[in-house]
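Colleague: following is a predicted model, sequence given first.
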Amino acid sequence: MEMDDNKRRRSMIIYVLIAFVIYVLLNTFLFPQMRSQTQVEQVLYSTFTTALEDKTVNAVTYTADSAPEARYTLKGESDKVYTTSVPNNDTEIWSLIRASGADTTVDIPNQSSSLWSYFLVTTLVPILIFMGIGWWLNRRLKKAMGDDGPSMNFGNGGFGGMGGGLGRSGARIVASKDVGVTFKDVAGQEEAKESMKEVVDFLENPKRYEEIGAKLPRGALLVGPPGTGKTLMAKAVAGEAGVPFFSISGSEFVEMFVGRGAAKVRDLFKQANEKAPCIVFIDEIDTIGKKRDGGGFSGNDEREQTLNQLLTEMDGFDNHKGIVVLAATNRPDSLDPALTRPGRFDRRIPVELPDLRGRQSILELHAQDVKTQPPLDLTAIARSTPGASGADLANIINEGALRAVRMGRARATQEDFEESVEVVIAGQQRKSTVLSDHEKQVVAYHEIGHALVAASQTETAPVTKITIVPRTSGALGYTMQVEQDEKFLTTRQEALNKLAVYCGGRAAEELIFNEMTTGASNDIEQATRLARNMVTRFGMSDEFGMVALGTVQNAYLNQDTTLTVAPGTAERVDEAVRQMMAEAHARALQILRENKFKLHELAHYLYKKETITGDEFMTLLKRENPLMGKGAEAAE
Ligand code: ADP
Ligand code: MG
Ligand code: ZN
């Protein structure tokens, strides 16, 4: 469907370009006299009168206009024309001209007609050309969607082919059978599905709800992080309900021409009214539904008008007809409150990141589409991907299949999928990056540093893989830790341990090589964010305790907080964060110092093998280091 849109847009641009070229050609070739004036020199009126007195003027053309003008040539200078404006009240000029003996022409222009022809050529003709093109395009679009009458253009089917026609409003209309998506295609997300089923039921039997006097929400807002299946869910509702489905993206309201947004909204709802019962789906509604703010640069009148129109329409339509407006956004907190008040998008359906079971069922669903080689353990994949969205998981399955093809196999194996988890997390392996021997050693110590600190503390996720194969993301190596079970809460101790694990890489470099490298930048960044959150949001610092010091800007896009404190307090926050980091760093150093022998041994092993599994790591760790247990105690 993207393709279709692009094509349409591209042809539109071509038409406009052609019109422009025609306009320019007309101007330059057909009406050259309008453009190219003879070489003239503007002179002062006094120059003109002096020339008349000197009798050097050859010929004068006097234009008796509302702003009189005289054009004249001088004797012996026939190719040059001078022009000057004559003051209206100067009646002397006639006697002067007569006395000079110059040939005189008086030109009394038929004002209106000359102006008219000029106006016609420079303004009206191009406007007509543009209007003609607009009319023609419009007709084509209308034809494409089979505008009037109940018959609709049922696109050419398929999920990607939300074909349908392009309505006047630009909304894609899709017959439900062509959506090709039903609730079966949405894995996990049981609660969201439950809410949506009610909507479907309403569209199927509106009578039942009417009889009891229940009012169904006019609009439901799907909120959740990107890639969790909001768009998918809306399509599934249409597929289930068997009613027409109008789909439009918020950004389509504000593109193209100024002032069209509101008209598009009006149009969309007019069409929906004709086709009711139906579903109107506005994707990415935050583009038009952002909070309207009073002051500031009000450069966004356009968006505001569109939003106002949407609000009006949502109040206006007759709910008994069975129009349900669905919208999706990943920035619910930036929506205008007017949109979310009762009677509009009053129902909020969270579509969250999938939990362990949800991830597993999404993986299973997508794995059905590819040929796989048993034994397959998708639970393990699900476990190693906390925080992954449905789109990520679909991508992991696809990357795995691609890898199988690359390796010349007919079926994707567990190993393919495991590798693709890493690809999605860290990027492709980059074999072309050649590290110097010393660098490779540093990276090995760095990664073992993380792993050792993790293994030496009790409340940390077990290490499952350590590698020093560079990745396209820029990582020179990484240590993968996977929680055994889904975690919903993190204790203060776990958070502190995590900080120490982040610090472990740098600490190992310092301990062994007595130097610092840039390799720890990402660790530092993540650790600092965690420490800052502990202080400002989780109430885990001694200094501030349970005080919220910041607000989360956007819960679904990132967890970044802005401090809402006095400047003095902000300084103390920084200090608390710094101290927390310093302590974590000291603890990591301490652990590594106590296990220096193991650090050497494991780092050498990793250096040689480049990738080791968590099991290998643990066997080596446990094998011949009786001091290990002591290290763990000392860490606390
Ligand atoms: P959103 O609109 O929330 O950003 P999409 O609905 O566009 O996300 O999802 C993108 C893709 O991710 C879908 O086309 C689908 O392949 C996959 N996906 C996401 N969530 C799920 C899910 N719950 N079940 C199956 N596939 C999913
Ligand atoms: Mg979407
Ligand atoms: Zn690191």
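Modeller: Structure received. Ligands and ions are numbered 1, 2, ... in the order given.
Colleague: what is the burial count for residue 352?
Modeller: The number of residues packed near residue 352 is 16, by other C-beta atoms under 10 Å. C-beta here means a position set from N, CA and C on the backbone, and glycine is covered the same way.
Colleague: dump the residue contacts of it.
Modeller: 224, 225, 228 (C-beta atoms under 8 Å, 6 or more residues apart in numbering).
Colleague: how about stretch 604-613: buried residues?
Modeller: Within stretch 604-613, the residues scored as buried using 16 or more other C-beta atoms under 10 Å are 605, 606, 607, 612.
Colleague: so what touches that stretch?
Modeller: Counting by C-beta under 8 Å, 6+ apart, residues outside stretch 604-613 touching it are 440, 441, 444, 447, 448, 464, 465, 466, 467, 468, 469, 620.
Colleague: tell me if I'm right that residue 544 and residue 580 touch.
Modeller: No: counting by C-beta atoms under 8 Å, residue 580 is not a contact partner of residue 544; they are 11.6 Å apart.
Colleague: and these two? which has more neighbours close in?
Modeller: Taking other C-beta under 10 Å, residue 544 and residue 580 do not tie; residue 580 has more neighbours (24 against 17).
Colleague: how about the helix or strand containing that one: buried residues?
Modeller: In this assignment (DSSP states H and E), residue 580 forms part of helix 567-594. Across helix 567-594, burial judged by 16+ other C-beta under 10 Å covers 572-573, 576-577, 580-581, 584-585, 587-592, 594.
Colleague: helices or strands up against that helix?
Modeller: Helix 567-594 sits against helix 437-456, helix 492-513, helix 521-536, strand 558-563, helix 628-635, with contacts defined as 3 or more C-beta pairs under 8 Å, 6 or more residues apart in numbering; DSSP states H and E.
Colleague: so which of the contacts of residue 352 is the closest to ligand 1?
Modeller: Nearest to ligand 1 among the contacts of residue 352, counting by C-beta to the nearest ligand atom, is residue 228 at 4.5 Å.
Colleague: what about the closest one, how many neighbours?
Modeller: There are 28 residues near residue 228, going by other C-beta under 10 Å.
Colleague: is it part of a helix or strand, or is it coil?
Modeller: Here residue 228 takes the coil state, with states given by DSSP: H, G, I helix; E, B strand; the rest coil.
Colleague: now the residue in the chain positioned nearest to ligand 3: closest residue in space that isn't a chain neighbour?
Modeller: Nearest residue of the chain to ligand 3, counting by C-beta to the ion: residue 505, 3.3 Å away. Ranked by C-beta to C-beta, 6 or more residues apart in numbering and with sequence neighbours excluded, the top spatial neighbour of residue 505 is residue 446, at 4.1 Å.
Colleague: in this structure residue 100 contacts residue 55, no?
Modeller: Yes: Residue 100 lies in contact with residue 55 (C-beta under 8 Å); the separation is 5.1 Å.
Colleague: can you pick out the residue with more neighbours from those two?
Modeller: Taking neighbours as other C-beta under 10 Å, residue 100 and residue 55 compare with residue 100 leading, 19 against 11.
Colleague: any idea of the mean pLDDT in the helix holding residue 580?
Modeller: The average of the pLDDT scores along helix 567-594 is 94.
Colleague: ok, now stretch 357-368?
Modeller: For stretch 357-368, the per-residue pLDDT averages 93.
Colleague: can you check stretch 448-455 too?
Modeller: Confidence for stretch 448-455, expressed as mean pLDDT, is 94.
Colleague: could I get that stretch in CSV with only the CA atoms?
Modeller: Provided in CSV are the C-alpha atoms of stretch 448-455 (Å, rounded to 0.1, in the frame of the first residue of the first chain):
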residue,chain,number,x,y,z
ILE,A,448,35.0,-11.2,31.5
GLY,A,449,35.0,-8.3,33.9
HIS,A,450,31.3,-7.9,33.4
ALA,A,451,30.6,-11.6,33.6
LEU,A,452,32.7,-12.1,36.7
VAL,A,453,31.0,-9.3,38.6
ALA,A,454,27.7,-10.7,37.5
ALA,A,455,28.5,-14.2,38.6
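Colleague: going forward, count from 393.
Modeller: Fine by me, first position is 393 from now on; the one you just mentioned is stretch 840-847.
Colleague: run the chain-centre distance for it.
Modeller: 37 Å (C-alpha atoms, centre = their mean, to the nearest Å).
Colleague: and the contacts of that stretch?
Modeller: 852-855, 858, 871, 873, 889, 892-901, 903, 915, 980, 983-984, 987, 990-991, 994-995, 998, 1009-1010, 1013, 1027.
Colleague: and the pLDDT at the residue of the chain found nearest ligand 1?
Modeller: Scanning the chain for proximity to ligand 1 using C-beta to the nearest ligand atom identifies residue 782 as nearest, at 2.1 Å. Listed pLDDT for residue 782 reads 92.
Colleague: what's the answer for residue 504, then?
Modeller: We have a pLDDT of 55 for residue 504.
Colleague: cool, residue 556 as well?
Modeller: For residue 556, pLDDT reads 39.
Colleague: please apply the same query to residue 548.
Modeller: 30.
Colleague: repeat that for residue 552.
Modeller: 29.
Colleague: and the residue located most distally from the centre of the chain, what are its phi and psi?
Modeller: Checked against the mean C-alpha position of the chain, the extreme residue using C-alpha atoms, centre = their mean is residue 491, at a distance of 78.2 Å. Here is the backbone geometry of residue 491 (degrees, to the nearest 10): phi -60, psi -30.
Colleague: that one against residue 444, yeah?
Modeller: Yes: Residue 491 lies in contact with residue 444 (C-beta under 8 Å); the separation is 7.4 Å.
Colleague: show me what contacts the residue nearest in space to the middle of the chain?
Modeller: By C-alpha atoms, centre = their mean, the mean C-alpha position of the chain lies nearest to residue 676, the distance being 9.1 Å. Residues near residue 676 by C-beta under 8 Å, 6+ apart: 641, 642, 643, 720, 721.
Colleague: hmm, which two among the buried residues of stretch 996-1005 are most spread apart?
Modeller: Spatial extent of those (C-beta to C-beta) is set by the pair 999 and 1004 at 10.4 Å.
Colleague: domain map for this protein?
Modeller: 394-424+507-556, 428-501, 561-742, 748-817, 829-1027 (automatic domain parsing).
Colleague: could you tell me the least trusted of the ones you listed?
Modeller: Across the domains of the chain, the lowest-scoring stretch is domain 394-424+507-556, with a mean of 61.
Colleague: now residue 594: how far from residue 893?
Modeller: Look at residue 594 and residue 893: by C-beta to C-beta, to the nearest Å, they are 50 Å apart.
Colleague: so between those two, which is more surrounded?
Modeller: The residue with more neighbours, out of residue 594 and residue 893, is residue 893; 28 against 20, by other C-beta under 10 Å.
Colleague: show me the contacts for the more buried one.
Modeller: Residues near residue 893 by C-beta under 8 Å, 6+ apart: 842, 845, 846, 849, 852, 873, 980.
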